[in-house]
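Undergrad: I need the structure of the sequence given here:
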Amino acid sequence: MLSFVQHNPRSIPPPAVKEFFPAVENNAAISLYWLPVGADGNFVRFCSSAWEATDAWLHRRASMALFHSALIVEVGLESFAIEMAPVWSGGVPADRGVVGVGPVGFAWAGRWRYFRYELRCWQGGVIPDVASAVGGSNRLAVEPDLARSLLADVKRVPLYVWGRDPGKHGDMWNSNSAVAWLLHRAGLPMDSIQPPEGGRAPGWNAGLAEAILQNP
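TA: This is a model prediction of the structure:
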């Protein structure tokens, strides 16, 4: 006579499952984008080209393409768009992650919103003209600690007058300054980070010099 033993399925351990991917919370990336100045408007493109032509003539060098930089920082499932932009770009500041505001041209001019810029660390946000980025996304690091350190430093970025040289570094303060400041503070190898060939990023050296002074 055959007898059957009924096993309780709860007593049977499940088969081991091999993890093929790292834990999501450990995923991270710091990506840099080089955006042509004026990519989002003819007026800005005309003004920046005229300024570059004048500066090139004064310093007896060839005129070059100008670039504005921005960052996308990813940690786990979240991403943050970091850049500087005019205050008057519209919308509610909290909705686009504004963490600070500074004046443009002159300190006293900041009394009017058309002469103010904002620093953004926009969770889930976008860079408006990212499709125009030369070379696409430049991934600089994938270490979670570096990404978190950079995000923590965004609120510490100096908000100097845009277009001036408060540190006497021979370069003006602008959006490129903020990006260079953040990358140096995060510990990225700055010598290997350069704008696209044939172009330059005004303000980059000012941010780097200021970061070195504050955190050698």
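Undergrad: identify the bridge partners of the residue positioned nearest the centre of the chain.
TA: Note on the chain: the residue nearest the mean C-alpha position is residue 71, at 2.4 Å, using Cα atoms, centre = their mean. For residue 71, the beta-bridge partners are residue 32, residue 82 (DSSP bridges).
Undergrad: wait, doesn't it sit right on residue 83?
TA: Yes - the pair formed by residue 71 and residue 83 meets the contact definition of Cβ atoms under 8 Å, at 7.1 Å. For every residue, glycine as well, the C-beta is placed using N, CA and C.
Undergrad: joint contacts of those two?
TA: Common neighbours of residue 71 and residue 83, using Cβ atoms under 8 Å, 6 or more residues apart in numbering, are residue 179.
Undergrad: residue 193 and residue 183 touch, don't they?
TA: Yes - assessed by Cβ under 8 Å, residue 193 is found in contact with residue 183 at 6.6 Å.
Undergrad: look at those two and report which has more neighbours.
TA: Taking neighbours as other Cβ atoms under 10 Å, residue 193 and residue 183 compare with residue 183 leading, 26 against 19.
Undergrad: any idea how far that one is from residue 114?
TA: To residue 114, residue 183 is 30 Å away according to Cβ to Cβ, to the nearest Å.
Undergrad: quickly list what's touching both of residue 193 and residue 183.
TA: Common neighbours of residue 193 and residue 183, counting by Cβ under 8 Å, 6+ apart, are 32, 140.
Undergrad: give the contact list for residue 151.
TA: 73, 75, 80, 121.
Undergrad: and what of residue 123?
TA: By Cβ under 8 Å, 6+ apart, residue 123 lies in contact with 78, 79, 80, 97.
Undergrad: sketch out the helices for this protein, chain order is fine.
TA: If DSSP state H is used as the criterion, the helices of the chain fall at 42-58, 144-153, 175-186, 204-214.
Undergrad: identify the residues contacting the nearest residue to residue 159 once chain neighbours are set aside.
TA: Using Cβ to Cβ, 6 or more residues apart in numbering and skipping residues adjacent in sequence, the residue nearest residue 159 is residue 102, 3.6 Å away. Residue 102 makes contact with 110, 116, 117, 118, 119, 159, 160, 161, 162, according to Cβ under 8 Å, 6+ apart.
Undergrad: turn these into a markdown table, including neighbour count.
TA: Shown next, in a markdown table, are the contacts of residue 102 (neighbours: other Cβ atoms under 10 Å):
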| residue | neighbour count |
| --- | --- |
| 110 | 19 |
| 116 | 18 |
| 117 | 24 |
| 118 | 20 |
| 119 | 21 |
| 159 | 18 |
| 160 | 21 |
| 161 | 21 |
| 162 | 23 |
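Undergrad: can you tell me which of these is nearest residue 132?
TA: residue 117 (19.9 Å; Cβ to Cβ).
Undergrad: correct me, but that closest one touches residue 98?
TA: No - applying Cβ under 8 Å, one finds residue 117 not in contact with residue 98, separated by 10.2 Å.
Undergrad: how about the strands in the protein?
TA: Under the criterion DSSP state E, strands of the chain are mapped to 28-36, 65-75, 78-86, 98-103, 116-123, 138-141, 199-200.
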